[in-house]
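Enquirer: Attaching a predicted model along with its sequence, questions to come.
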Amino acid sequence: MRFNNQLKTILLLGGLSAILVAIGWTIAPGMAWLFLGLALAMNVGAYFFSDRMVLRMHGAREATPDDAPALHAMVAELAQRAGIPKPRVFLIDDPSPNAFATGRNPEKGVVAVTSGILELLDRRELRGVLAHELAHIKNRDILVATIAAAIAAAVTYVAQAISFGALFGGSSDGDEEGGSPAGALLVALVAPVAATLVQLGISRSREYLADEAGARIAGDPEALARALEKLTRGTERIASAAQPATASLYIVNPLHGGARVARLFSTHPPIEERVARLRALTRREPMFAAS
């Protein structure tokens, strides 16, 4: 498992770095080396600081045990069951119900929950969600997703910034080192989609694994199944402040598109399938039936 995640990280970083370098080559071929250096610097920075970047992007603040004693107690109990250090707990002021975990290893683990999820779920359901997030930390796949989110966000920002610069501030006098406004617009459209597709390569399988591992940590697959159903309805009803580049981190997709094409590009597997798998686990293993 650990080797597979390390390999995924390497491939992910390589793919997103290639996208970033391609942006520079398309916009300004003479600056390709500059973008290669930027990609290398971002890889190092994402490894060490991607968790802080993601938390800052969402306006998360750390909650002390005095701020949220019940939440801290629940996280501590589940961390003990999972056999990992107790993660830090962060709160996000967002009425859309959701949660995610971050941190490059279990020792640096963080669980973040929105204000909306605390209002929507009962204690049993919230415990199921927290167990899912701790499963991500225990499986050491958080680094992969967090780096993906951080670099994909950077790819999006760089593409947009360079495109606007080419349109409104770029040279048009035959400068051989500069790209065309048409090329800039093409990059602005293609680069974020390409970064999302790289994320899709690993994101969906992560959720299935974390669902089952979280259900085993909590000892209660039905609680997580019910929570997923509630969260899906809640996020459809209440718009989220989440950004597309970081949507893959959340337990359910915070950005809903009704069209089938939009679902094809979703970073999460269908909720119906996730719920069905959890309930099949309950039927398959009698130990869960009494939960």
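Expert: The structure has been received and is ready for your questions.
Enquirer: Could you check how many residues crowd around residue 84?
Expert: A count of nearby residues for residue 84, using other C-beta atoms under 10 Å, gives 19. All C-beta atoms are positioned from the backbone trio N, CA, C, and that covers glycine.
Enquirer: Repeat that for residue 205.
Expert: Other residues close to residue 205 by other C-beta under 10 Å number 12.
Enquirer: Need the pLDDT of it.
Expert: Looking at residue 205, its pLDDT is 72.
Enquirer: which element is it on?
Expert: Using DSSP states H and E, residue 205 falls within helix 181-218.
Enquirer: what does residue 134 give?
Expert: Counting by DSSP H and E, residue 134 is found in helix 123-138.
Enquirer: what does residue 91 give?
Expert: strand 88-92.
Enquirer: Pull up the pairing partners for that strand, direction included.
Expert: Within its sheet, and counting by DSSP bridges, strand 88-92 is paired with strand 61-62 (antiparallel), strand 110-114 (parallel).
Enquirer: got those as JSON lines, with mean neighbour count and distance to residue 141 columns?
Expert: Formatted as JSON lines, those follow (neighbours: other C-beta atoms under 10 Å; distance: least, C-beta to C-beta, whole Å):
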{"stretch": "strand 61-62", "mean neighbour count": "12", "distance to residue 141": "23"}
{"stretch": "strand 110-114", "mean neighbour count": "26", "distance to residue 141": "14"}
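Enquirer: Take those strands and lay them out in a markdown table including distance to residue 77 and mean pLDDT.
Expert: Putting the strands paired with strand 88-92 into a markdown table (distance: least, C-beta to C-beta, whole Å; pLDDT from 0 to 100) gives the following:
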| stretch | distance to residue 77 | mean pLDDT |
| --- | --- | --- |
| strand 61-62 | 19 | 96 |
| strand 110-114 | 13 | 97 |
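Enquirer: want to throw these into CSV with distance to residue 213?
Expert: Listed next are these as CSV, based on distance: least, C-beta to C-beta, whole Å:
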stretch, distance to residue 213
strand 61-62, 25
strand 110-114, 15
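Enquirer: With just CA atoms, put the strand holding residue 91 into CSV.
Expert: Taking Å, rounded to 0.1, in the frame of the first residue of the first chain, the C-alpha atoms of strand 88-92 are listed here in CSV:
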residue,chain,number,x,y,z
ARG,A,88,-5.5,18.2,14.6
VAL,A,89,-9.0,19.5,14.1
PHE,A,90,-10.0,22.4,12.0
LEU,A,91,-13.3,24.2,11.4
ILE,A,92,-14.5,25.8,8.1
